[in-house]
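Peer 1: Fold the following and give me the result.
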Amino acid sequence: MATTDPRSGFCKSNSIFYSKRKPIPLPPNHSVDVTTFISSRAHHGKAAFIDAATGRHLTFSEVWSAVDSVASCLSEMGIRKGHVILLLSPNSIFFPVVCLSVMSLGAIITTTNPLNTNREIAKQVADSKPVLAFTTHQLIPKLADTNLRIILIGESPRDSYSAKILTTLEDMMKKQPSENRVKDRVTLDDTATLLYSSGTTGASKGVVSSHRNLIAMVQTVLSRFNLDQGEQTFICTVPMFHIYGLAAFATGMLASGSTVVVLSRFDMDEMLSSIGKYRATYLPLVPPILVALVNGADQIKRKYDLGKLEWVLSGGAPLSKEVIEGFVERYPQVAILQGYGLTESTGMGASTDSLEESRRYGTAGMLSPSMEAKIVDPESGESLPVNRTGELWLRGPTIMKGYFSNAEATASTLDSDGWLRTGDLCYIDDDGFIFVVDRLKELIKYKGYQVPPAELEALLLTHPEIVDAAVIPFPDKEVGQYPMAYVVRKTGSDLSESAVMEFIAKQVAPYKRIRRVSFAASVPKNPSGKILRKDLIKLATSKL
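Peer 2: Presented below is the predicted three-dimensional model:
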């Protein structure tokens, strides 16, 4: 490697920024799956996962024997390497059991948001072609439009069994694993997960992550939290169907011997009570929750015991100076860590690993271990040095294999040298800290959820009284951004704002709803027909 500047990590001869963190080791054995990799770091007796509401828990040894039994049953059902299994479930202590069982066979797990509508789920099923679904009794109706065979998670009234239900996870966990089952050889390059992301543009696409990607992320998580130094307790507030939850809490933490307290859905009171009840040391969250902790600090400190809490981990969007200072002032014993990542980078691509680093205000952190970056001028394609703004490109062991069955989208996001174009405009400063300036990509970030404008525009155009439409992000202190629509009505139509919002609300998950509508004579477009969103954003925010 050519000489790099030890301060920024920048190498002049090839214009690459190298991570300043200690590189992560990858397994020397090529034939290893992520489940085997994690289970080889055996931890025994204590609780691995605790259900915050009921206190029900699984110890490390119970998790591994459950994984063994479930994998064995799946194998008997004919599940083999390469088969896709859908997991539709809120967070639960059984979520990791399903993921790890499926991946241990070389089969592929695809997850979906329980808030998604039947239409959105049916679309993902049609694309990923799963052979089987794990879901809860309450969510069975969401799979009504599919012909999937179902394995039930959790209790259910026996009389409600439909023909599609094969068995329950509970029954599978009780079975003795069969000794002579067929085990396909799984390698680091095989696909482990297929999570859906809007990517850097447009409609939702399946992100193909390999066992290597996940193992590298587990190693990154372990190195970040120095988890070899004593046992920690994490509250899992983030959804496990999302890469952050799946990589860290459904897989990574198991390798560390830490205890994960699982909230089945986010509830502020339950989260705060659980910190005291389970003596939690780490609290992952998204910026809006952190803001709520700052604003309600006096009452929260009177009502809840946060005495053991040492760290909060924030992801999804950078925190402002005011929020960090406000938090540190009100909770002096708790330090803030921030992270930046994408589904395409299997989670964390950069992070701050100490309060000092987080105090570099506005930063997304330094590059994760073994990660490389380039800052590329979007116009000229030239790679830029420190303190120059361009698109952030990332390369490293956690970068996805590509988009599922979508060569075109893969080619426009991953280049032939393995560089992932993030779609974020950034610069890297003299000390190697990354700052996100803007989004080249057009996603709207609502409370950390991604909302692709193109999807909402396509739906708006199906309304008989709408001639044209454009959707843009509208800034909001509470949620980050929400979708706003510019709508061109048919001549003579008196379609109202509320009618437009209701029309969309019936067809999408709550976080994708349009929350503001403006009627316009036309939608501004460039000569090739692309919507000029920047102009509309300027127009919408000029009145603020």
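Peer 1: Helix, strand, or coil at residue 504?
Peer 2: For residue 504, the assignment made with DSSP: H, G, I helix; E, B strand; the rest coil gives helix.
Peer 1: contacting residues around it?
Peer 2: Contacts for residue 504 (Cβ atoms under 8 Å, 6 or more residues apart in numbering) come out as 456, 459, 460, 485, 512, 513, 514. (C-beta placed from N, C-alpha, C; glycine too.)
Peer 1: repeat that with 7 Å
Peer 2: When contacts are counted by Cβ atoms under 7 Å, 6 or more residues apart in numbering, residue 504 is found next to 456, 459, 460, 513, 514.
Peer 1: Equivalent analysis for residue 378, please.
Peer 2: Residue 378 touches 390, 391, 440, counting by Cβ under 7 Å, 6+ apart.
Peer 1: Keep only those of the residues you listed that are in strands.
Peer 2: Taking DSSP state E, the ones among the contacts of residue 378 that sit in strands are 390, 391.
Peer 1: Just name the closest of the contacts of residue 378 to residue 121, please.
Peer 2: residue 440 (29.4 Å; Cβ to Cβ).
Peer 1: most neighbours, which of the contacts of residue 378?
Peer 2: Counting neighbours by other Cβ atoms under 10 Å, residue 390 comes out on top of those with 22 neighbours.
Peer 1: Next, the contact list for that one, please.
Peer 2: By Cβ under 7 Å, 6+ apart, the neighbours of residue 390 are 375, 376, 377, 378, 384, 425.
Peer 1: Just the buried subset of those, written out for ChimeraX, thanks.
Peer 2: Buried members of these, defined by 16 or more other Cβ atoms under 10 Å, are picked up in ChimeraX with:
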select :375,376,384,425
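Peer 1: would you turn the contacts of residue 378 into CSV with distance to residue 363 and pLDDT?
Peer 2: As requested, the contacts of residue 378 are exported to CSV (distance: Cβ to Cβ, whole Å; pLDDT from 0 to 100):
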residue, distance to residue 363, pLDDT
390, 17, 93
391, 18, 95
440, 19, 76
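Peer 1: and which of the contacts of residue 378 is nearest residue 262?
Peer 2: Taking Cβ to Cβ as the measure, residue 262 lies nearest residue 440 of these, at 35.5 Å.
Peer 1: doesn't residue 423 make contact with that closest one?
Peer 2: Yes - using Cβ atoms under 7 Å, residue 440 is in contact with residue 423, at 4.7 Å.
Peer 1: Now do the shared contacts for these two.
Peer 2: What both residue 440 and residue 423 touch, as defined by Cβ under 7 Å, 6+ apart, is the set residue 391.
Peer 1: before we move on, the earlier item: neighbour-wise, which of the contacts of residue 504 leads?
Peer 2: Ranked by neighbour count (other Cβ under 10 Å), these have residue 514 at the top, with 25 neighbours.
Peer 1: what about this structure, any weak spots by pLDDT?
Peer 2: Applying pLDDT under 70 to the chain picks out residues 1-2, 42, 44-45, 156-163, 198-202, 226-230, 527-528.
Peer 1: What is the longest helix along it packed up against?
Peer 2: Scanning the chain for the longest helix, with DSSP state H as the assignment, gives helix 60-76. The helices and strands touching helix 60-76, judged by 3 or more Cβ pairs under 7 Å, 6 or more residues apart in numbering; DSSP states H and E, are strand 47-51, helix 95-104, helix 169-174.
Peer 1: following that helix, which helix or strand comes up?
Peer 2: Moving toward the C-terminus from helix 60-76, the next helix or strand (DSSP states H and E) is strand 84-88.
Peer 1: rewinding a little: so which of the contacts of residue 390 comes closest to residue 133?
Peer 2: So of the contacts of residue 390, ranked by how close each gets to residue 133 (Cβ to Cβ), first place is residue 425, at 39.0 Å.
Peer 1: give me the beta-bridge partners of the closest one?
Peer 2: Taking DSSP bridges as the rule, residue 425 bridges to residue 391, residue 438.
Peer 1: isn't it right up against residue 391?
Peer 2: Yes - shown here, residue 425 and residue 391 form a contact pair, counting by Cβ under 7 Å, at 6.1 Å.
Peer 1: between these two, what contacts are shared?
Peer 2: Listed as contacting both residue 425 and residue 391 by Cβ under 7 Å, 6+ apart are residue 440.
Peer 1: how near is the residue found closest to residue 464 once you drop the neighbours it is linked to in the chain to residue 461?
Peer 2: Using Cβ to Cβ, 6 or more residues apart in numbering and skipping residues adjacent in sequence, the residue nearest residue 464 is residue 490, 7.7 Å away. Residue 490 sits 12 Å away from residue 461, going by Cβ to Cβ, to the nearest Å.
Peer 1: Over to residue 541?
Peer 2: 25 Å.
Peer 1: Please apply the same query to residue 129.
Peer 2: Distance, residue 129 to residue 461, using Cβ to Cβ: 28 Å.
Peer 1: Next: residue 149.
Peer 2: From residue 149 across to residue 461, the span is 36 Å (Cβ to Cβ).
Peer 1: Could you check which of those two is surrounded by more residues?
Peer 2: Taking other Cβ under 10 Å, residue 149 and residue 461 do not tie; residue 149 has more neighbours (15 against 12).
Peer 1: contacting residues for the more buried one?
Peer 2: Residue 149 makes contacts with 132, 164, 166, as judged by Cβ under 7 Å, 6+ apart.
Peer 1: Would you mind writing the PyMOL command to select the buried ones in the residues you listed?
Peer 2: Only the buried entries of the contacts of residue 149 go into this PyMOL selection, using 16+ other Cβ under 10 Å:
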select buried, resi 132
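Peer 1: circling back: tell me the one of the contacts of residue 390 nearest residue 299?
Peer 2: Among the contacts of residue 390, and counting by Cβ to Cβ, the member closest to residue 299 is residue 425, at 38.9 Å.
Peer 1: for that closest one, what are its contacts?
Peer 2: By Cβ under 7 Å, 6+ apart, residue 425 lies in contact with 389, 390, 391, 437, 438, 439, 440.
Peer 1: measure the third one to residue 376 for me?
Peer 2: By that I understand residue 391. Residue 391 sits 5 Å away from residue 376, going by Cβ to Cβ.
Peer 1: residues contacting residue 67?
Peer 2: By Cβ under 7 Å, 6+ apart, the contact set of residue 67 is 35, 97, 100, 101, 104.
Peer 1: Please repeat the previous calculation with a cut-off of 8 Å.
Peer 2: Each residue near residue 67 by Cβ under 8 Å, 6+ apart is listed here: 35, 39, 97, 100, 101, 104.
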